[in-house]
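Peer 1: Below are the sequence and a predicted model; questions follow.
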Amino acid sequence: MQRDSDRILDEYLIAAAVTGDRGAWARLVVRWQPKLLRHAWRVLADAERAKDVVQEAWVDILRGLRRLDDYAAFPAWALRIVTRRCQRLFRGGERDRRMAEEMALDAEPAVADIDVAESVADLPQVLAALQALPPPQRAALALFYLENLSVAEIAIALDVAPGTVKTRLMHARRKVRAQLEGVGNEQVR
């Protein structure tokens with residue numbers, strides 16, 4: 001598997017952070033904070049709670065970094081920590097599912113937070129299609145296309161089986177395609 005320069009830099013920063021290099025730790029946080037925030041937002045559909053979850057996740061990441069055997073596994077490992085923190089909110093009864101669905105419909109992602117936003121011609125329609133997805137499908141789709149994680153890495157990050165990731169991706173693609181084709185057909189009429 002060919003590794004890109006970003007992953008190699010992450011591995012270097014992790015190795016340096018494990019040895020106690022605070023500068024490397026700070027750079028790792030700067031590099032990964034936006035990704036972890038986007039992931040938490042996709043799962044929770046609540047920007048404030050996403051910030052809180054990621055803040056708490058960084059504590060877990062810092063504590064567990066020395067136990068990480070394979071630094072190349074950091075992306076999936078860190079995202080799984082965030083996912084589990086998000087799941088605790090749901091399990092702890094802090095959040096009603098109905099409220100989550102309402103907030104997901106009302107929330108709008110910041111265009112600056114989406115790396116591919118400038119290359120998409122029909123951005124409002126694409127964002128609306130993504131917003132309409134259930135959080136598990138939205139998270140899987142975003143991790144695959146926006147964060148370039150493999151199915152295996154997404155399975156680790158979301159703490160589900162690889163088959164579940166494939167199913168979520170399949171359903172998410174169908175729903176997005178159907179919604180975008182519906183928008184396209186309405187514009188033609």
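Peer 2: Received the coordinates, thanks.

Peer 1: could you point out the longest helix in the protein?
Peer 2: Criterion DSSP state H: the longest helix present in the chain is helix 162-188.

Peer 1: So for it, mean pLDDT?
Peer 2: What helix 162-188 shows for mean pLDDT is 82.

Peer 1: Number of residues surrounding residue 65?
Peer 2: Residues within reach of residue 65, counting by other Cβ atoms under 10 Å, total 18. In short, each C-beta sits where N, CA and C put it, glycine included.

Peer 1: quick one, what contacts it?
Peer 2: By Cβ atoms under 8 Å, 6 or more residues apart in numbering, the contact list for residue 65 reads 14, 17, 18.

Peer 1: ditto for residue 62
Peer 2: Neighbours of residue 62 in contact, by Cβ under 8 Å, 6+ apart: residue 25.

Peer 1: What's the separation between it and residue 35?
Peer 2: To residue 35, residue 62 is 16 Å away according to Cβ to Cβ, to the nearest Å.

Peer 1: before we move on, back to that, let me know the closest of the contacts of residue 65 to residue 74.
Peer 2: Within the contacts of residue 65, the smallest distance to residue 74 is 5.6 Å, found for residue 14 (Cβ to Cβ).

Peer 1: Leaving aside the residues adjacent along the chain, what's closest to that closest one?
Peer 2: The shortest distance from residue 14 to any non-neighbouring residue, by Cβ to Cβ, 6 or more residues apart in numbering, is to residue 71 (4.5 Å).

Peer 1: wait, isn't the one you found in contact with residue 11?
Peer 2: Yes. Between residue 71 and residue 11 there is a contact at 4.3 Å, judged by Cβ atoms under 8 Å.

Peer 1: Would you mind writing the CA trace of the helix or strand encompassing residue 140 as CSV?
Peer 2: Taking DSSP states H and E as the criterion, residue 140 maps to helix 135-145. Extracted C-alpha coordinates of helix 135-145, given in CSV (Å, rounded to 0.1, in the frame of the first residue of the first chain):
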residue,chain,number,x,y,z
PRO,A,135,-25.7,9.9,11.1
PRO,A,136,-24.1,6.4,10.7
GLN,A,137,-24.4,6.6,6.9
ARG,A,138,-23.2,10.2,6.8
ALA,A,139,-20.2,9.4,8.9
ALA,A,140,-19.2,6.3,6.8
LEU,A,141,-19.6,8.3,3.6
ALA,A,142,-17.6,11.2,4.8
LEU,A,143,-14.8,9.1,6.2
PHE,A,144,-14.6,7.2,2.9
TYR,A,145,-14.7,10.2,0.5
